[in-house]
Structure formats: structure tokens, C-alpha cells
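Colleague: Any chance you can model this:
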Amino acid sequence: MVMIPDKLFDLAFEFKAAKPWKLLHPAQFFAVILSDGKPRFCQVFGGSSGKPALWIHNSEQSVQAYLRMVHSKQVNFYSKVDYLVEQEAYILTFENKAAMAPSELETMQKYLKKRELKPSGSGFYPVFRVTTSRHRTWMYRDKSEADNTMACLQVIMKLLEHVKSGEKINKYVLDLRLHTHDKRLSIPAVSFDGQELSHGVVDFTVGNKPKCYQPRWNDLQVARMKKAKKTGAIWVADQGPLPEALINEDAQMNEYGEAIKAPYFPEMMAVFDEASGELLFMETSTSDKDIYGNIAKSLMNTIIDMGCPMTVRVRNDAAEAMFKGLCNKLHIKLDRRESIPELDDFRCDIHAQWMEGQGFTEEEIKQELGKVFEDPDSVPSRRKRENNRIEMLVSIADSLVEDQSAAEEFIKYASSRGIMDKVPDIVFDNLADAVLLFDIEPELEKLVKVEFRRRYYEDDFDDDFDDGEDEY
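Modeller: Next comes the predicted model:
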């Protein structure tokens, strides 16, 4: 951890006393150019928009993440997680003592004693944190972080002096509320040479997305996967960051028991069989040193063990990037969809479990995830109906076939809709017997009858079962 210099605390209290949130809205951005030539993009929070804070974005990617969230048609739990994972910023907030880490509190108490200050009021203590891509907001651990924050605050205080002396605030900021549809933004930038402010502009294109990880499969790995049996399966894959940050197992701790390096947000991938709904594998990162290595290895082993699918269906950039090169090499169809509702259900359950563990109430979880559990179309209700259906099919299969693998195939295909032409003959014959012997759900019964006629009669037939006397 880095000891926060007294000068930085001095600037923090000056910033708070200036009350810049009375002049600026969080949607008003401005840039500060430091001696390294790189722009830092600044936001001021406070007043009606919440407790006082200063965000100093260290990259264009961090600003892009903010823009994606605020311009999203619907801000939900998932977009918030993506936003947190992509942030790269220095953050100054004003907190109560309870929000501070032991090391921060000790440093603050030394400063207050030296300056002969006494804490007063709520949110008295300035707290400096940094967030980097894929890592949780954490204490400063590098001297440059404190130095850059100090340099930015010095420029910001000079800027505020100019505004209070009568200069127009619009000269220094870009109000993003007035540019919601712009593809390019020109953000006013200022720098300070020790004597006067210099003005400039930082341009960037709106909508640039972060690059997604693509595994580099070597020839040996590809050769092993090519030996796997070819199947007609359709896989449905989901990938994204999890909201719970983890500390590396080998993390170093300071004298207060605090991790020196910030906890990381692990990546998660889950792959389902589309026909049966079976979860084939779910894997997460084991270290921030190799976020995707464990996932790629598990994916390769799943293909070797279970065979190559005919199609992989995905819905986001991360999953598409993970599979794209692999599908090309193994001649697997990659099917990108705008929406896969089943994956929303799965992700909701994952996040609901996490929120419950964090102490959220059931009502808060419902509101945040957009789930209404009492709705007959909700995830729990549908699952209950699906479980009852599967139990019925298991019972029928046990009565019809002695071979366990055939029974499993029967359940797999009978649980699906509209793929009767792909059901193996031995399984389909058992299915046809089930229609004669058991009270099968009408829609499934009709599918079986249509497929029976397609398989065993070459002539056209009348697809009308209302007479109740169809015979095989």
C-alpha cells in the first residue's frame, strides 16, 4: 500500500470546500492532460446526484463503459457488472470512518493530528481508491497513482478558480446529455504548466467496444479435438464476468491483513446441451494472472470427452470470440443470436445466489434482476412444470426400455420439440409405443404421429387427428 501524502489530503479538503457539484453534473465531462501527455477524463458527483465524489478515468475504455451503461435502453444488473469490470479510474469519495480500511484510517488519523483537525459531520473522511480493468476498487498501491491524482486535483482547483471568477463553465466541459446520439465526442481538455491553464480538446469515437479474448489453439490441441467423435448436438454457451471479486490464493497481505493487490472479477463460461438442457460444463477463472486459461482448457477437455457439436449458439461478443477460431478449425457452425432467454434464466440464478449471500432481501433481488417469482412464466414456475414433465418421461422410459442408454436418449429427445426427424429409430419406436400406452401430452403426441407417417408411409397423408381413431 502507498502512504497518501499530506498534500493530497489538503487538496481533497479544498475540493470538498469548493463544492464543485453545485457547478457540475455527473454527465459533464472534462479532461486533464498530465505531464505524460495522456488525458484523464473527470466527473464530479454530489448534491442531488449523491454523495460528493470525483472520478478520474484513466482510459478512453473506462469512459466508453460509462457511456454504454447510461445510453443503454435498460440499465440492469448485468450492465452494471460489465461497467464495474471495465472501469479504470482514480476515485475520491468522502466517507464515514466505518467505510475505511484499517491502514487508511491510521494514515488519516496521523494527518488530522498533524493538521490539528477534528472530524465533523457525516462523510468527513477523504478516501482515495483506484480501480483497474477486471479488478475491484482498492487502496492505492503505487506512488504514481497518488502523484497522478494530486496533479489532476491541482488542475481541477485552478479550473474552479477560473469559473468562480466569472468564466463560463461550458468552456471547460462537455455535457453528454446534449450529445446522446453523437458518434464522435470532443471533450474540452486543460493542462497546467505551473503558471497558467492551457486549453485543448480530446476526440474519440463513441461505441468502441473492448476487445474480447480469443484463445490461440496450437496444432496439438486442435489435433486432439479433431479426433473426438462428431455429434449432431447443439451447444448453447454463455460467458461473462461474475460480480464477486476474488483474492488470489498467493496474494500478499500487509500488516493489517489487507490484500496488497486488488481482488479480481473472475470470468465464467457455461455450456449447455440445447436438446436436453444439461449443463455440460461451467468453469471460472482461478487467478487474475490467467483469466481465461482454465476456461479454455475445460472447453477443450469437454470436446474431447463428449465429442464435437454440430452447432454452438452464443449471444454475446465474449462467447463468440472464445468459440470463433475453434469453430473454424473444427468445422463447427457458430450461431450468433441476439437473445437466448434460457441463458438469462441461468445468469439470473447465478446473480440471485450472489445477492442473497450479500444480504439483499428477496424483494431487492426481484427488483434488481427483473424477476417476478409469482408469475406463472417466471423461472421457478417453469422449472417446476419442466421437472414434472421430466419425471413423467423417466417413468415412461423405465417402463419401455431395459437399456439405460436408450432410456436416456428417449428422455433427451422427448424433452425437445420439433426435432423428431433426428430421433434414432430405436428411440422413436419406444416413443411411438408410449403414445399408444400412456397419456402423453397432446402436442408431443401429435409430433410423434406426424413423424411416424413421414417415416413409414411414402404417400401424402391428412394431418388431422380430431377423429381420435388414428392407427399405426
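Colleague: shaky segments in the stretch 101-250 of the chain?
Modeller: Within the stretch 101-250 of the chain, no stretch falls below the threshold (pLDDT under 70).
Colleague: can you pull out the helices in it?
Modeller: For the stretch 101-250 of the chain, the helices defined by DSSP state H, counting those that start in this stretch occupy 102-115, 143-164, 219-226.
Colleague: if I pick residue 52, what's in contact with it?
Modeller: Neighbouring residues of residue 52 by C-beta atoms under 8 Å, 6 or more residues apart in numbering: 16, 19, 21, 45, 46, 93, 94, 123. For glycine as for every other residue, the C-beta is placed from the backbone atoms N, C-alpha and C.
Colleague: try 10 Å
Modeller: Residue 52 makes contact with 15-16, 19-21, 44-46, 92-94, 123, 126, according to C-beta atoms under 10 Å, 6 or more residues apart in numbering.
Colleague: Local confidence estimate at it?
Modeller: Note for residue 52: predicted pLDDT of 92.
Colleague: ok, now the one 4 residues further on?
Modeller: The per-residue pLDDT reported for residue 56 equals 97.
Colleague: Number the chain from 42, please
Modeller: All set: I'll call the first residue 42, so the last point we hit is now residue 97.
Colleague: you'd agree residue 252 is up against residue 362?
Modeller: Yes: under the criterion of C-beta atoms under 10 Å, residue 252 is in contact with residue 362, at a separation of 8.1 Å.
Colleague: Compare the two (neighbour count), which wins?
Modeller: residue 362 (17 against 9; other C-beta atoms under 10 Å).
Colleague: hang on, the earlier thing: for the helices of the stretch 142-291 of the chain, which one sits closest to residue 67?
Modeller: Comparing these by their distance to residue 67 (C-beta to C-beta), the top pick is helix 184-205, with 14.8 Å.
Colleague: Now do the nearest residue to residue 44 once chain neighbours are set aside: how many residues are near it, please.
Modeller: Excluding its sequence neighbours, the residue lying closest to residue 44 (C-beta to C-beta, 6 or more residues apart in numbering) is residue 148, at 6.1 Å. Summarising burial for residue 148: neighbours were counted as other C-beta under 10 Å, giving 21.
Colleague: so who does residue 126 touch?
Modeller: Taking C-beta under 10 Å, 6+ apart as the test, what residue 126 contacts is 106, 172, 174-177, 251, 281-284, 286, 305-306, 308.
Colleague: So which of those is the closest to residue 329?
Modeller: In terms of C-beta to C-beta, no member of these lies closer to residue 329 than residue 305, at 3.6 Å.
Colleague: Which pLDDT value goes with that closest one?
Modeller: According to the per-residue confidence, residue 305 scores 93 in pLDDT.
Colleague: try residue 367
Modeller: At residue 367, the pLDDT value in this model is 95.
Colleague: Just to check, it is in contact with residue 360?
Modeller: No: in this structure, residue 367 sits apart from residue 360 without contact. The criterion is C-beta under 10 Å, and the distance is 11.4 Å.
Colleague: between those two, what contacts are shared?
Modeller: Counting by C-beta under 10 Å, 6+ apart, the residues touching both residue 367 and residue 360 are 353, 375.
Colleague: The stretch 342-491 of the chain: strands as residue ranges?
Modeller: Per DSSP state E, counting those that start in this stretch, the stretch 342-491 of the chain has strands spanning 352-355, 374-377. These are given in chain order.
Colleague: residues of the last one that come out buried?
Modeller: When you say that, I think you mean strand 374-377. When neighbours are counted by 16 or more other C-beta atoms under 10 Å, the buried residues of strand 374-377 are found to be 375, 376.
Colleague: Does anything pack onto it? Which helices or strands?
Modeller: Using 3 or more C-beta pairs under 10 Å, 6 or more residues apart in numbering; DSSP states H and E as the contact test, the elements touching strand 374-377 are strand 275-282, strand 352-355, helix 358-371.
Colleague: Pull the distance from that strand to the chain's centre.
Modeller: Computed by C-alpha atoms, centre = their mean, to the nearest Å, the separation of strand 374-377 from the middle of its chain amounts to 21 Å.
Colleague: Who does that strand pair with, and is each partner parallel or antiparallel?
Modeller: Next to strand 374-377 in the sheet, as set by DSSP bridges, lie strand 352-355 (parallel).
Colleague: buried stuff in the partner strand?
Modeller: Neighbour-count burial for strand 352-355, with 16+ other C-beta under 10 Å as criterion, is recorded at 353, 354, 355.
Colleague: just those now: which is nearest residue 473?
Modeller: For the buried residues of strand 352-355, the residue nearest residue 473 by C-beta to C-beta is residue 354; the value is 29.7 Å.
Colleague: sorry, back to before: could you export the buried residues of strand 352-355 as CSV, including distance to residue 45?
Modeller: Formatted as CSV, the entries for the buried residues of strand 352-355 read as follows, by distance: C-beta to C-beta, whole Å:
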residue, distance to residue 45
353, 49
354, 50
355, 45
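Colleague: Out of the helices and strands packed on strand 374-377, which is closest to residue 190?
Modeller: Minimum separation from residue 190 across those (C-beta to C-beta) falls at strand 275-282, 26.1 Å.
Colleague: Only whichever of the contacts of residue 126 are buried, select them in PyMOL.
Modeller: A single PyMOL command suffices to select whichever of these are buried according to 16+ other C-beta under 10 Å:
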select buried, resi 106+172+174+175+176+177+281+282+283+284+286+305+306+308
